[in-house]
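Colleague: okay, sequence plus prediction incoming.
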Amino acid sequence: MDRTVAVTSAPAEDTLSASFSICGEDRRMNCVVDGDTFWFKGEKIRIADIDTPELSPPRCTAERVKGEAAKARILVLLNAGPFSMSTGLRDEDRYGRKLRTVSREGQSLGEILVGEGLARRWDGARRSWCDS
């Protein structure tokens, strides 16, 4: 008689939340920089599992338009309710940003952006958004 039991890990509990805005020149506490970077409780967070179009500076009009759309969408997603963050293989990137996968109810917010065409899965290489 086979008594194999499947073990699954439950998603992290969604206990983090804040009222996010778009970052400005003043103190950055809970605000969105661009589609894959935001400040949360004074820490700069880089969403680890995606890459979104650059806004500082964009290399073409198409990148700017899609980058602004990604920024607006992650703002909505972060403000939609409690979320969780998990660390992957590395804690920080070379710019000192905390690398985190951001999820709600077990679903990656980054994957939502990928599904909506506003981001790509991060594969370790920056690629142009101007020819896609």
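Modeller: Received, thanks. Numbering: from 1, shown residues only.

Colleague: tell me the bridge partners for the residue nearest to residue 56 when sequence neighbours are not counted.
Modeller: Leaving aside its chain neighbours, residue 56 sits nearest to residue 34 (7.3 Å; criterion: Cβ to Cβ, 6 or more residues apart in numbering). For every residue, glycine as well, the C-beta is placed using N, CA and C. Per DSSP bridges, the residues bridged to residue 34 are residue 37.

Colleague: and residue 34, how far from residue 77?
Modeller: 14 Å (Cβ to Cβ, to the nearest Å).

Colleague: again with residue 87
Modeller: Taking Cβ to Cβ, one finds residue 87 at 20 Å from residue 77.

Colleague: for residue 43, same thing?
Modeller: From residue 43 to residue 77 the distance is 18 Å (Cβ to Cβ).

Colleague: more neighbours, these two?
Modeller: residue 77 (18 against 14; other Cβ atoms under 10 Å).

Colleague: ramachandran coordinates for that one?
Modeller: The phi/psi pair for residue 77 (degrees, to the nearest 10) reads phi -60, psi -40.

Colleague: same check, this time on residue 67
Modeller: Torsion angles, degrees, to the nearest 10, at residue 67: phi -60, psi -40.

Colleague: parallel or antiparallel, which strands does the helix or strand bottoming out on mean pLDDT in the chain pair with?
Modeller: Lowest by mean pLDDT, DSSP states H and E among the helices and strands of the chain is strand 84-92, with a mean of 92. Strand pairing for strand 84-92, using DSSP bridges, gives strand 98-104 (antiparallel).

Colleague: what is the subsequent helix or strand relative to the partner strand?
Modeller: strand 107-108 (DSSP states H and E).

Colleague: roughly how far apart are the residue lying closest to residue 23 once chain neighbours are set aside and residue 103?
Modeller: Of all residues beyond its chain neighbours, the one nearest residue 23 is residue 31 (3.8 Å), with distances taken as Cβ to Cβ, 6+ apart. Applying Cβ to Cβ, the value for residue 31 to residue 103 is 20 Å.
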